[in-house]
Structures are given as C-alpha cells and as structure tokens.
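Using only what follows, build the 3D model:
(one chain, ligands or ions: 1)
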Amino acid sequence: MPRIQENISLKAYNTFGLDAKARWFMEITHPYQGQEFLMDNVYSGLSKFVLGGGSNVLLTGDVDGIVIKNNILGKEVVRESDEHIWLEAGGGENWHELVLFTLSQNWGGIENLSLIPGSVGAAPIQNIGAYGVEIKDVFDSLRALNLATGQEFIFTHSDCNFGYRDSVFKREAKGRYLITYVTLRLDKKHKLNTRYGAIEAELEAMKAEPSIHTISEAVIRIRQSKLPDPAKIGNAGSFFKNPVIRVEDFAPIKESYPEVPHYPGGEGMIKLPAAWLIQTCGWKGLDRGTYGVHDRQALVLVNRGGAKGADLFQLSEEIMDSVREKFGISLEREVNVIGK
Ligand code: EPU
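Predicted coordinates:
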C-alpha cells in the first residue's frame, strides 16, 4: 500500500494555489492500491476525499480525513470500428495532454476541449465543456471505486446523468467514488464543431481551414487571451455556472438592458452569461490585494498570491448577493467548496 503522509500542504495540488492542509494524504498510481486501502477496516472511519488536478476546488480550510491523489495513468485503445476509436485513459492523466495525444493520432472529438485544466478522472464529474462541446458528447463509460467499500463499478453514459456542468457525481453520488478510468468514443471521420462564433473568428484571423488541429489551436488562442494561466495566477476557471431563467423573468432584464447577451436555454428558458451579470454589477477587475476578479473574464475569481480560501468564498457570497439584488437571479457555484 502507498505511504500515508500526515499534515501535507495542498498548495501545489489546487490551481487556486491555496495553502490548506490535509490531515492525511496518499497518492495512488493503480486501482489495486486504492482498493487495498479502501477495503482495510483500519481506515474505514476516515473521511475520504479524492483529488484530481485540483482545478475545480475551493479549499476554504484544512481537510480532515484523507486526501487521495489520483495518479492512475495509461491510455489504451479498447475497441475500434471503421468510424470510431474507444480510448480508455487513466483518471490521473492530464486532460489537455490527452487531447494532444488524440490529435497526434488524428482522432477527433475533443479538440474543442483543448487546454481545459484538470485531470481525466475529474472531467466527467462536472461534464467539462467549452466552445460548443461537452465531454458527454464523446463519453462512453467510466470505472470507479466506491470509497466506502472499495468495490469497482462501471458507469455507462446514462448512469452518469449528464447535464450542463453537472452529473450524478455532483448529486446522488457526490464524494462517493474514485474514478479510475474513463473511456471516450472518438472519431476517425472528423465532425468539426465551429458553431461557437469565437472559433470561426479565430480561424479567420489565423487564415486557417477548419480541421481538428486548427480548431484546437484556435481554442488554445482564445483561452489564453481570456483566462489566466493557473501556473501564474491562482484560479479555478469559471467560478459560477451560467444561470438558466424563465423567458418571463428575462423580459424585464431585456427591457432595462437591451444589449444583454443571451442564448436559448431549453423549452421556455433563457441562458445568460454569469460573466455579464457580474460585470454589470461592477465586479470585473476587482483588486483586493491578495485576491479579486480577473480583468478579462468576470466569471473567474483569482488568488493574486497569499489569499485565503475563506476570502474567496466571502467574495463569491458578495457577488451572488449583488447579482440577486440587481437581477433577481441566484448564481450557483461551479467549483466544489471543500473544507471546514
Ligand atoms: N462576458 C461579459 N463579461 C466578461 C466575459 C464575458 O459580459 O467579463 C459576456 C460576453 O458578452 C460573452 C458572454 O459573456 O458574449 C460569454 O462569454 P464567454 O464566451 O467567455 O463564455 P462564458 O459563458 O463566460 C463559458 C464556460 C467556460 C467556457 C466558455 C466557452 C461556464 C460556466 N463557463 O464561459 O468554461 O470555456 O463558455 O465555451 O459555462 C469553465 O467551466 O471553467 C470554463 C472556463
């Protein structure tokens, strides 16, 4: 069994760069190691928390119990047809490196999801998405260990119950599984998705014909121009979800703000960019010394160095209060808040 360490700083393990501690900490590189640990009665009373790339968590305090860092690697073609490749990847693989690998093999499907920080095992939990594609569009199945028993389960697409930045792992199964492997169904015959306006504009600026390779490059350029690099400024990408409201509730907003950007949000519903709501409340670029709001994307809260998770949490509450007051809309956090 891997070594269990005590009182470990999680600063290097979360992209906000917050200096919380784990009471206990363990890294696993193989599912057997996880199973051996989870099935040992000695540890059954410990609360268990799985960490992937740490790119979607806000640590508001120290973590009691044990943090299990998932370092399970591997990429394997498990099935192939004339049109598709089924690629199984270890939950500890870095997501963007997996995207680059699929591009090197000329397999399509996840090029729009280039440069998303985080691990493969975490990707289905919030159904990562960007530029018109979500992981659910290519997801086949995943394998996971039940944290209470160590037993392995397979989750099919329908078991995952995917929604916008949502899955069973954020609801009924929250905090109950360690995702060991994810299988994606990729395309040998590429289906390009350039519907998201910014991609077309970027391809034009690049003077490039659309292909999985140029789309990936365009997405990388767009992301780099808007989103802070977590290696330089601590952040967890979008902090809030884009809210979906009823058409009736949208009408008065549209009347006061005719320029409000909006998208169809399903039957009788409208999706609004949280970034616009937050910007309109005056938060964009907020600088409180150690922390604040990114100046090029109002949906991103940043640790400028030395912030506390509790400060960022408090700021998120203030932002939510002001959006509620001005627009009558309750924003929902996209990041997972962990800690005391
Ligand atoms: N906007 C503002 N102010 C800003 C930024 C954006 O008003 O500071 C407005 C713009 O008018 C723009 C609209 O918001 O038309 C949408 O902006 P953007 O295209 O940047 O997308 P987003 O809605 O802010 C979502 C995802 C991102 C994803 C992009 C691209 C969520 C919560 N966020 O952001 O995902 O990369 O679309 O598809 O759905 C993430 O989940 O961490 C993430 C970065």
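
Convert stretch 135-145 to PDB, retaining C-alpha atoms only.
Provided in PDB are the C-alpha atoms of stretch 135-145 (Å, rounded to 0.1, in the frame of the first residue of the first chain):
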ATOM      1  CA  ILE A 135     -17.400  15.600 -22.600                       C
ATOM      2  CA  LYS A 136     -20.800  13.900 -22.600                       C
ATOM      3  CA  ASP A 137     -20.800  14.100 -26.500                       C
ATOM      4  CA  VAL A 138     -17.900  11.600 -26.600                       C
ATOM      5  CA  PHE A 139     -18.200   9.800 -23.300                       C
ATOM      6  CA  ASP A 140     -18.700   6.000 -23.400                       C
ATOM      7  CA  SER A 141     -18.300   4.800 -19.800                       C
ATOM      8  CA  LEU A 142     -16.100   5.000 -16.700                       C
ATOM      9  CA  ARG A 143     -14.800   2.800 -14.000                       C
ATOM     10  CA  ALA A 144     -14.900   3.900 -10.400                       C
ATOM     11  CA  LEU A 145     -14.200   2.600  -6.900                       C
END
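
mean confidence score for that stretch?
If you average the pLDDT over stretch 135-145, you get 98.

Residues touching it, excluding its own?
By CB atoms under 8 Å, 6 or more residues apart in numbering, the residues outside stretch 135-145 that reach it are 31, 34-35, 38, 86, 109-110, 113, 123-124, 127-129, 151-157, 160, 162, 177-186. For every residue, glycine as well, the C-beta is placed using N, CA and C.

ok but K326 is inside a strand, no?
No: counting by DSSP: H, G, I helix; E, B strand; the rest coil, one finds K326 to be helix, located in no strand.

Next one: it, what pLDDT does it get?
K326 is assigned a pLDDT of 97 by the prediction.

and the closest residue to it other than its chain neighbours, what is it in contact with?
Spatially, and ignoring its direct neighbours in sequence, K326 is nearest to C281 (5.6 Å; CB to CB, 6 or more residues apart in numbering). Contact partners of C281, counting by CB under 8 Å, 6+ apart, are I319, S322, V323, K326.

filter these to the buried ones?
Buried members of those, scored by 16 or more other CB atoms under 10 Å, are I319, S322, V323.

would TSV of the residues you listed with pLDDT be doable?
TSV is the format used below for those (pLDDT from 0 to 100):
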residue	pLDDT
I319	98
S322	98
V323	98
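
Tabulate the residues you listed (JSON lines), appending secondary structure.
Formatted as JSON lines, the buried ones among the contacts of C281 follow (three-state DSSP):
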{"residue": "I319", "secondary structure": "helix"}
{"residue": "S322", "secondary structure": "helix"}
{"residue": "V323", "secondary structure": "helix"}
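
Can you redo those residues as a markdown table, where the extra columns are distance to the ligand?
Below are these laid out as a markdown table (distance: CB to the nearest ligand atom, whole Å):
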| residue | distance to the ligand |
| --- | --- |
| I319 | 13 |
| S322 | 15 |
| V323 | 13 |
